[in-house]
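S.K.: All I have is the shape, not the residue letters:
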């Protein structure tokens with residue numbers, strides 16, 4: 001798939017998405033500062049969350065308290081949402097720094113607003129992964145979609161994926177665990193592989209809510225092409241997602257190390273050019289294991305394989321020497337040559 005100018009998939013380095021989300025607390029200047037630090041860390045894509053609360057929730061949400069907050073989910077989003085004007089400014093600022101800006105719409109109104117901003121792609125969070133009418137509304141915009149799959153199974157994802165495929169949009173599926181933070185006991189790296197096998201048309205990635213970069217980095221070796229993590233300019237801020245957010249230093253580490261893992265994960269099993277010098281001394285050569293006379297027929301007790309590998313007969317051809325007859329005497333530890341034997 002391609003979002004803006006960025007090609008995404010197994011043939012390309014992993015895309016690391018810094019999810020500012022609601023970590024700015026509704027303050028545009030804080031959000032801008034977060035983006036500035038992300039750009040300095042080498043980030044390519046910022047993800048925001050677009051909350052138009054009155055179209056997103058009903059009044060019942062004022063009685064629901066998420067595990068990572070001490071106020072209702074309605075009031076969390078009400079406090080943390082940027083105004084439409086501020087969100088448009090944040091997108092402009094992000095793009096002026098050369099980064100790609102996308103967002104998660106949590107309602108039809110949010111999706112339609114983002115379409116007015118001409119976003120290059122949409123992110124759908126795990127909470128909406130089975131919200132079929134909203135997925136259908138987003139997919140109808142014809143833009144690429146990144147869909148997190150937390151709290152879902154392969155089977156419950158099939159209807160959502162069918163909507164994306166029917167709409168003909170490019171899409172990515174992100175393995176995800178929705179506890180903030182997520183302990184390793186409930187994180188599923190295996191889910192990356194299961195998504196790849198179940199949905200071969202999808203780009204597959206990993207949306208990480210654990211502490212530290214280890215889980216996200218491990219997912220790259222399993223084929224994750226997108227890494228998404230919550231992000232903040234400093235962990236000393238307050239907010240429901242700060243505990244599982246990376247800071248700019250960890251963002252830089254995730255970008256650099258994920259590229260290295262991706263490169264190594266795609267290298268074939270072979271002896272490389274730089275290893276040749278090592279191979280010449282580390283490999284064994286077949287040698288006489290005793291002083292042997294001319295005319296002697298070689299048995300297994302007569303020879304051995306020892307370093308260096310500069311001899312004519314490598315250790316892996318040991319068995320080919322057995323039963324051959326020496327044309328002349330040889331000394332113990334003498335590297336043997338094919339010309340030492342009668343035809």
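M.R.: Sure thing, it's come through. Just so you know, these numbers come straight off a predicted model, no measurement behind them.
S.K.: Let me see the backbone angles for residue 333.
M.R.: For residue 333, the backbone dihedrals are phi 70, psi 10 (criterion: degrees, to the nearest 10).
S.K.: Likewise for residue 126?
M.R.: Here residue 126 shows phi and psi, under degrees, to the nearest 10, equal to phi -60, psi -30.
S.K.: Show the pLDDT at it.
M.R.: We have a pLDDT of 97 for residue 126.
S.K.: List of residues touching stretch 71-81?
M.R.: For stretch 71-81, contacts defined as Cβ atoms under 8 Å, 6 or more residues apart in numbering pick out 22, 24-26, 49-53, 56-57, 59, 61-66, 69, 106, 239-240. For glycine as for every other residue, the C-beta is placed from the backbone atoms N, C-alpha and C.
S.K.: Quick one: buried ones out of those residues?
M.R.: By neighbour count, with 16 or more other Cβ atoms under 10 Å, the contacts of stretch 71-81 hold 22, 24, 26, 49-53, 56-57, 61, 106, 239-240 as buried.
S.K.: Closest one of the residues you listed to residue 314?
M.R.: Looking at these and their distance to residue 314, the nearest is residue 49, at 60.9 Å (Cβ to Cβ).
S.K.: Name the next helix or strand downstream of the strand or helix carrying that closest one, please.
M.R.: Assessed by DSSP states H and E, residue 49 sits inside strand 45-50. The helix or strand immediately downstream of strand 45-50 is helix 53-56, counting by DSSP H and E.
S.K.: Following that following helix in sequence, what is the next regular element?
M.R.: Taking DSSP H and E, what comes next after helix 53-56 is helix 73-80.
S.K.: Could you check the angle the helix or strand that comes right after that following helix makes with strand 45-50?
M.R.: Next along the chain after helix 73-80, taking DSSP H and E as the criterion, comes helix 84-96. Orientation of helix 84-96 against strand 45-50 (axes from the mean of the first three to the mean of the last three Cα atoms, to 10 degrees) gives an angle of 170 degrees.
S.K.: Excluding sequence neighbours, find me the nearest residue to residue 342.
M.R.: Nearest residue to residue 342, sequence neighbours excluded (Cβ to Cβ, 6 or more residues apart in numbering): residue 325, at 4.7 Å.
S.K.: For the stretch 201-343 of the chain, which segments count as helices?
M.R.: Applying DSSP state H, counting those that start in this stretch to the stretch 201-343 of the chain gives helices spanning 214-221, 248-265, 276-282, 318-321.
S.K.: Pick the most buried one from those.
M.R.: Highest mean neighbour count of these: helix 214-221, a mean of 20 (counted as mean count of other Cβ atoms under 10 Å).
S.K.: mind checking how far the residue nearest to residue 342 is from residue 287?
M.R.: 17 Å (Cβ to Cβ, to the nearest Å).
S.K.: more neighbours, those two?
M.R.: residue 287 (20 against 13; other Cβ atoms under 10 Å).
S.K.: from what I can see that one touches residue 309, true?
M.R.: No. Contact criterion Cβ atoms under 8 Å: residue 287 and residue 309 do not qualify, at 11.4 Å.
S.K.: want to throw the helices of the stretch 201-343 of the chain into a markdown table with mean pLDDT and distance to residue 177?
M.R.: A markdown table is the format used below for the helices of the stretch 201-343 of the chain (pLDDT from 0 to 100; distance: least, Cβ to Cβ, whole Å):
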| stretch | mean pLDDT | distance to residue 177 |
| --- | --- | --- |
| helix 214-221 | 98 | 9 |
| helix 248-265 | 98 | 17 |
| helix 276-282 | 92 | 42 |
| helix 318-321 | 98 | 52 |
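S.K.: export those helices to JSON lines and tack on distance to residue 126?
M.R.: Shown next, in JSON lines, are the helices of the stretch 201-343 of the chain (distance: least, Cβ to Cβ, whole Å):
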{"stretch": "helix 214-221", "distance to residue 126": "16"}
{"stretch": "helix 248-265", "distance to residue 126": "20"}
{"stretch": "helix 276-282", "distance to residue 126": "47"}
{"stretch": "helix 318-321", "distance to residue 126": "58"}
